[in-house]
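A.B. asks: Requesting a structural model of the entry that follows:
(one chain, ligands or ions: 1)
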Amino acid sequence: MTVLVTGGAGYIGAHTVRALRDSGKKVVVLDTLERGNREAVIDAELIIGDVADQSLVAKICRENGISSVIHFAAYKAVGESMVEPEKYWSNNVAATEKMLDVLTDQRVDKFVFSSSAAVYGTPSSTPVTENDPTNPESVYAETKLAVEKLLGSLSQNTGHRLRSVSLRYFNAAGASKDNKIGEDWSSSQNLVPRVMRALLEKDFKLEIFGDDYPTPDGTCVRDYIHVEDLADAHARALDYLDSGGETLVCNIGTGSGTSVMQLIDLAEKIAGQKVPYRIAGRRAGDPVSVFADVSLAEKKLGWKATRELSAIIESAYNWHRTHPNGYRRKN
Ligand code: UD1
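C.D. replies: Residues are numbered from 1 along each chain as shown. The predicted structure is shown next:
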């Protein structure tokens, strides 16, 4: 039995491919390499192509006896999704629908979907549970929710049923412990890679988006989860479906919140140097505090995060220090 991982050359996808290989699973990766990296795919076959290419997806399923799919392939930049919405609807939703058509024909019946806590928008209370209302505040988040809903319908199909787990990630961060895979800071707007850049790149100035929020230190609170914990969650989600589990939507976070300032303090301790930053205005659309209720993941998937925030920062620091150009070599 082989698992098809779409977008397996991307940041979270590549860590998941390794977790699956470590647990003895056979894996085939399908990735356009538009935003992924060939070098990130370790110990698995990489097929370069698009999930919307129905004959290709059918061929991969037939030739490899695919019975389950983990679907990462999507665009994920919130800002870009507001400027080029059609690109997001087309790649994240229409292409996924095309692939799901083929998977249904090919009798694939297990599907793990890379969703996002962004579907909650600004949560009405924390910790956020899966039963809280969804309120996407970006086109990116809309596309994630749309696919979740489509998967909900497919699990009710009277013909071929597709059971799925949609994992709503909180803030993924960090790199692999052995320093082989990580994120490319040039293509990320997220806090951890930017803090690393401020530590390691001369003249890069980090901006803190607001220090007047109603939190103990005035900065926003988020739930940072180690990318290797996140990868393990996918392996658990597959095990859950393999043992007959029903369609599920599940938060994947640590359950505890960290403020921007707390994260910077820890990065300074680990790096042994100050992080240069300036306080800027609030970023539009930033909720004050978001962290997960993780009890459902523990109950249904038997999964819980095991890595500390310090492991996130240490691994990210190690990775960026040695890979300032991502996977491209330093000239
Ligand atoms: C991110 C993703 C979102 C994803 C969510 C997980 C983006 C833009 N957003 O949101 O798609 O679903 O995680 O739930 O990728 N910050 C600064 N300075 C910076 C960068 C960030 O102060 O240069 C602050 C932000 O204001 C925020 C926190 O750091 O309070 C985290 O920001 P970020 O890493 O961008 O993640 P989210 O906005 O939480």
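A.B. asks: Helices of this structure, residue ranges please.
C.D. replies: In the chain, the helices defined using DSSP state H lie at 11-22, 54-64, 78-83, 85-88, 95-105, 139-154, 191-200, 227-242, 260-271, 295-296, 309-322.
A.B. asks: ok, of the ones you listed, where does mean pLDDT dip lowest?
C.D. replies: Between the helices of the chain, the lowest average pLDDT goes to helix 78-83, which shows a mean of 91.
A.B. asks: Run the contact check for that one versus the ligand.
C.D. replies: Yes: Helix 78-83 comes into contact with the ligand (C-beta under 6 Å from any ligand atom), by way of residue 78. For every residue, glycine as well, the C-beta is placed using N, CA and C.
A.B. asks: Dump the C-alpha coordinates for that helix into PDB.
C.D. replies: The C-alpha coordinates for helix 78-83 follow below in PDB (Å, rounded to 0.1, in the frame of the first residue of the first chain):
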ATOM      1  CA  VAL A  78      -2.800  35.000   2.900                       C
ATOM      2  CA  GLY A  79      -1.800  38.400   1.400                       C
ATOM      3  CA  GLU A  80      -1.400  37.000  -2.100                       C
ATOM      4  CA  SER A  81      -4.800  35.300  -1.900                       C
ATOM      5  CA  MET A  82      -6.500  38.700  -1.500                       C
ATOM      6  CA  VAL A  83      -4.700  40.200  -4.500                       C
END
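A.B. asks: near the ligand, which residues of the stretch 101-250 of the chain show up?
C.D. replies: 116-118, 140, 169-171, 189-191, 194, 206-209, 220, 222.
A.B. asks: Quick check: strands, which of those are part of them?
C.D. replies: Members of these lying in strands (criterion: DSSP state E): 116, 169, 171, 206, 207, 208, 209, 222.
A.B. asks: Kindly reformat these as TSV containing neighbour count, pLDDT and distance to residue 130.
C.D. replies: TSV is the format used below for these (neighbours: other C-beta atoms under 10 Å; pLDDT from 0 to 100; distance: C-beta to C-beta, whole Å):
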residue	neighbour count	pLDDT	distance to residue 130
116	25	98	13
169	21	97	13
171	22	98	17
206	19	96	33
207	13	97	33
208	22	98	31
209	16	95	27
222	23	97	18
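A.B. asks: Including mean neighbour count, could the helices of the chain go into TSV?
C.D. replies: Putting those into TSV (neighbours: other C-beta atoms under 10 Å) gives the following:
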stretch	mean neighbour count
helix 11-22	24
helix 54-64	16
helix 78-83	15
helix 85-88	16
helix 95-105	19
helix 139-154	20
helix 191-200	22
helix 227-242	23
helix 260-271	18
helix 295-296	16
helix 309-322	20
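A.B. asks: got those as TSV, with distance to residue 282 columns?
C.D. replies: Shown next, in TSV, are the helices of the chain (distance: least, C-beta to C-beta, whole Å):
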stretch	distance to residue 282
helix 11-22	27
helix 54-64	43
helix 78-83	15
helix 85-88	24
helix 95-105	33
helix 139-154	19
helix 191-200	14
helix 227-242	27
helix 260-271	12
helix 295-296	31
helix 309-322	23
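A.B. asks: of all those, which lies closest to residue 42?
C.D. replies: helix 11-22 (5.7 Å; C-beta to C-beta).
A.B. asks: Just give me how far that closest one sits from the chain centre.
C.D. replies: Its chain's average C-alpha position is 12 Å from that of helix 11-22, according to C-alpha atoms, centre = their mean, to the nearest Å.
A.B. asks: ok, residues contacting it?
C.D. replies: Residues from elsewhere that reach helix 11-22, judged by C-beta atoms under 8 Å, 6 or more residues apart in numbering: 3, 5-8, 27, 29, 31, 36-37, 40-44, 70, 72-73, 114, 169, 172, 176, 181-183, 227-228, 230-232, 234-235, 238.
A.B. asks: Which of these are buried, as a ChimeraX select command?
C.D. replies: With 16 or more other C-beta atoms under 10 Å as the criterion, this ChimeraX line picks the buried residues out of the contacts of helix 11-22:
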select :3,5,6,7,8,27,29,31,36,37,40,41,44,70,72,73,114,169,172,176,181,182,183,227,228,230,231,232,234,235,238
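A.B. asks: Wait, residue 261 touches residue 217, no?
C.D. replies: Yes: applying C-beta atoms under 8 Å as the test, residue 261 and residue 217 come out as touching, 4.4 Å apart.
A.B. asks: Quickly list what's touching both of those two.
C.D. replies: residue 211.
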